[in-house]
Each structure stands twice: as C-alpha cells, then as structure tokens.
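Participant: Whatever this is, show me its structure:
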Amino acid sequence: MLLDLGVSHRASVAQYRPVRNVPPSLGFTRSASGVWLERMSTSRERRLVLPAITGLLLACVVALGIQAPSYAATYPTLSTGSTGANVTSLQYLLTSRGYATTADGDYGSGTEAAVTSFQSGAGLGADGVAGPATFGALVSTLRQGSTGPAVQALQVQLVKHGSSISTDGDFGPATDSAVRSFQSAHGLSADGVVGPATWQELLGTGGGGSTPGTTYDSLSDDQLQNARTIIGVGKGAGVPEYGWVIALATSMQESTLINIDYGDRDSLGLFQQRTSQGWGTEAQIMDPVLSSKAFYGVASHTPNPGLLDISGWQSMSVTQAAQAVQRSCCPDAYAKWESLARDIVAHESGAPPVS
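Facilitator: The predicted structure is shown next:
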C-alpha cells in the first residue's frame, strides 16, 4: 500500500527514504509530517548517470595505467595456402558447425568455400579468410563428456602442444587431463573447461598455421630434406624418376613435404599414412625413410600395396597413380603438385640413394 507522505511533487514512496541527520546538500525534501526524506534516483536518471560514472572510472583506469584483463594470445589468421594443425582444427570446427570439410591440414579451395559459407551464415564478412572473428564464432565451450568434431579440433591443438592423446573426438579423462595441464602451464584456470581463453591460447601459440613453400625456390630446409629423402629412397629401391615425381606430388598434397604428427583421424607423416589401415606403427609412419618405402611398396613393415605394386602405374597420370596408392577422398588433388614435383626432381636428382 502506498502512503501519502505529503510530498508536494509527484512521486511514489519508493523514490524517497527517511533520514535522521540531514546534511547541507541537495536532494532532500520534507514531508507534511515533518520527516526529512532523501530523494532516490529514478531508473531514467540511473540510465543517464551510470554511463557517465562508468566513463569517469574508465578515464581513471587509463590515467593510472591499469590494464583490463585480456587473453595472452589471439586467434590466428589463416587463408588459402596455409597448412598445419591450426588448419586441421579449423576444418574440424567447420564440420562441427555443419560445414563438412576434409580435415587434411591444407587450406585449399574446399576449406575456403566452407569458411566463406560459414561467414555468410554467421553474418561475418564473407572473404574466405579465417581470422579472429571467424574463429570466435566457430569455437564452442567443451568439457569432459563432449564429443564430435569440435573435440577433435581441441585434441589436434593439444597434440600440437605436446600431448600424446588420440584425436578420436571423445572428451574423456585423458583429454581432460591434457586440457588441465595445458591450462596450468599457460596461466589459465585449470578447470578442464575449454572456453574462449583456452581456445585462444591453444590456437594462438605453438605455431601450427604456416604457409609453406609452394615453389622450389621457396621450399624450407625441412621440405627440401624430406624431398631428398623421398628421392633417395626411390633411388635405393630402383624406382624410375617418374615414381619420384609421383611420390613428391603425393607428399606435397598430403603434408606439404613436412613430417607432421597429426592429421585426419590417425593420419601421420609425410604421406598421412594411418596406423588403423595397416601402414605401420606411429614410429614407423613418422620415420621419413620407412614411410617413403611404404609408399613405393618396398617396406617390410606393412603389407599394404605401394606404387610398385600398382599394375601399369608408369602409364598412369600422376594423380591416378598417387590415388591408386593413397585411396584418398580427393583423387584429383595430387595433379596440382606435378609441376613442382618435376622441378624438385630436376634440382635434387643428385640426392644420394637410401637403402
């Protein structure tokens, strides 16, 4: 029930409160019964005054040099030509949002198209470049019990940072432990919950998003060394030069001639061979010599057919021969690397044979 306190202007009791000692200041009125009342602010006044107070406080913060808390790392910017763990995670995140993308770590035309479609649907600038705004919209909060491609994106990042967990899409105890260890090591709250701060630290540190050389003159030392190994193994096995070209084009497509320890599901190494498909143990697949031997079909550690086991491979196109060995989801993808592969052979044909 409202009480008439005799206040001369229009107000409700909720706008005033009685006070005992009245200071010599504005903002007080006296009721008909002689009680001093302090006038309380209305919601409209609060809407006007609070922003001003906030602005004043921010000015003080700036003047005192106090910095608001921020994440130590920022999301990367990836585009066509980028490769690595960050690209693989991006591809898994796109799939988790309904934009199915092959998680091969290669930012090609398919990934660019998926990014553009996602950006358009999310109301972002649809330029096909995955920058901080795009990553911020793609990631979701994960915790133990979560499953699916977004968890695989997380697991790829944890592996990038040194964890030995599998990228199976199941946020179980092993992934939870790896997350907590990462959070603790990077000064984050070690609660096992993967939110924006953890995602930014994962994606924004540790590399994983480079643009490797795509011409002979721009190849890195690691790429050249791996190319020489592939040629050398081919020489040692008596494989003709055309076989080297096929192997180099295949490795360029699968891993950009970088011996990566991650990939789609359990794919690893220069040729993205899979343990579950009988290509060997992780250690064997990660050995450039053994993985090259497996591709050529001269390895003793795998029964899988290699290039030399493919009938008529020498009369096939590069992409046909590569696909016959790899049996990948993208059978025509190898063709674009034939020119580079031939250029590498022309420059590196003197590589010593490897037995």
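
Participant: Which parts of the stretch 201-350 of the chain are helices?
Facilitator: 221-236, 241-255, 282-285, 288-296, 318-326, 338-348 (DSSP state H, counting those that start in this stretch).

Participant: Which one, of those helices, ends up nearest to Gly172?
Facilitator: helix 282-285 (19.5 Å; C-beta to C-beta). For every residue, glycine as well, the C-beta is placed using N, CA and C.

Participant: And the closest one, how far out from the chain middle?
Facilitator: Distance of helix 282-285 from the chain centroid (C-alpha atoms, centre = their mean, to the nearest Å) equals 24 Å.

Participant: Contacts for that helix, please.
Facilitator: Contacts to helix 282-285, defined as C-beta atoms under 8 Å, 6 or more residues apart in numbering, come from residues 268-269, 273-275, 279, 290-291, 294, 301-302.

Participant: Can you flag which of those belong to strands?
Facilitator: 268, 273-274 (DSSP state E).

Participant: circling back to that earlier point, would you tell me which of the helices of the stretch 201-350 of the chain gets closest to Gln200?
Facilitator: helix 241-255 (26.4 Å).

Participant: other SSEs contacting that closest one?
Facilitator: Judged by 3 or more C-beta pairs under 8 Å, 6 or more residues apart in numbering; DSSP states H and E, helix 241-255 is in contact with helix 221-236, helix 288-296, helix 318-326, helix 338-348.

Participant: if we can go back for a sec, which of the ones in strands among the contacts of helix 282-285 ranks first by neighbour count?
Facilitator: The most crowded member of the ones in strands among the contacts of helix 282-285, judged by other C-beta atoms under 10 Å, is Gln273 (27 neighbours).

Participant: Look at the nearest residue to Thr229 once chain neighbours are set aside and say how many residues are nearby.
Facilitator: Here the nearest residue to Thr229 in space, its sequence neighbours aside, is Pro288; by C-beta to C-beta, 6 or more residues apart in numbering that works out to 4.6 Å. Residues lying near Pro288 (other C-beta under 10 Å) number 22.

Participant: Pro288 and Gly81: what is the separation?
Facilitator: Pro288 sits 23 Å away from Gly81, going by C-beta to C-beta, to the nearest Å.

Participant: Quick check: the gap between the residue nearest to Thr229 and Gly162.
Facilitator: 21 Å.

Participant: Domain map for the protein?
Facilitator: The chain resolves into domains spanning 13-64, 85-204, 216-348 when parsed by automatic domain parsing.

Participant: out of the ones you listed, which comes closest to Thr74?
Facilitator: Minimum separation from Thr74 across the domains of the chain (C-beta to C-beta) falls at domain 85-204, 5.1 Å.

Participant: Averaged pLDDT, the closest one. What do you get?
Facilitator: Mean pLDDT, computed over domain 85-204, is 94.

Participant: Please report how far Ser140 lies from Val325.
Facilitator: 37 Å.

Participant: Compare the two and say which one has the larger neighbour count.
Facilitator: Taking neighbours as other C-beta under 10 Å, Ser140 and Val325 compare with Val325 leading, 24 against 18.

Participant: Name the nearest residue to the more buried one, sequence neighbours excluded.
Facilitator: Nearest to Val325 is Leu307, by C-beta to C-beta, 6+ apart, at 5.5 Å.

Participant: ok, the one you found to Asp343 distance?
Facilitator: For Leu307, the distance to Asp343 - C-beta to C-beta - is 20 Å.

Participant: of the two, who's got more company?
Facilitator: Taking other C-beta under 10 Å, Leu307 and Asp343 do not tie; Leu307 has more neighbours (25 against 16).

Participant: how much space is there between that one and Gly234?
Facilitator: In terms of C-beta to C-beta, Leu307 sits 9 Å off from Gly234.

Participant: With Phe135 instead?
Facilitator: In terms of C-beta to C-beta, Phe135 sits 40 Å off from Gly234.

Participant: Could you do Thr116 as well?
Facilitator: From Thr116 across to Gly234, the span is 39 Å (C-beta to C-beta).

Participant: So these two - more neighbours on which side?
Facilitator: Counted by other C-beta under 10 Å, Thr116 and Gly234 do not tie: Gly234 has more neighbours, with 29 against 19.
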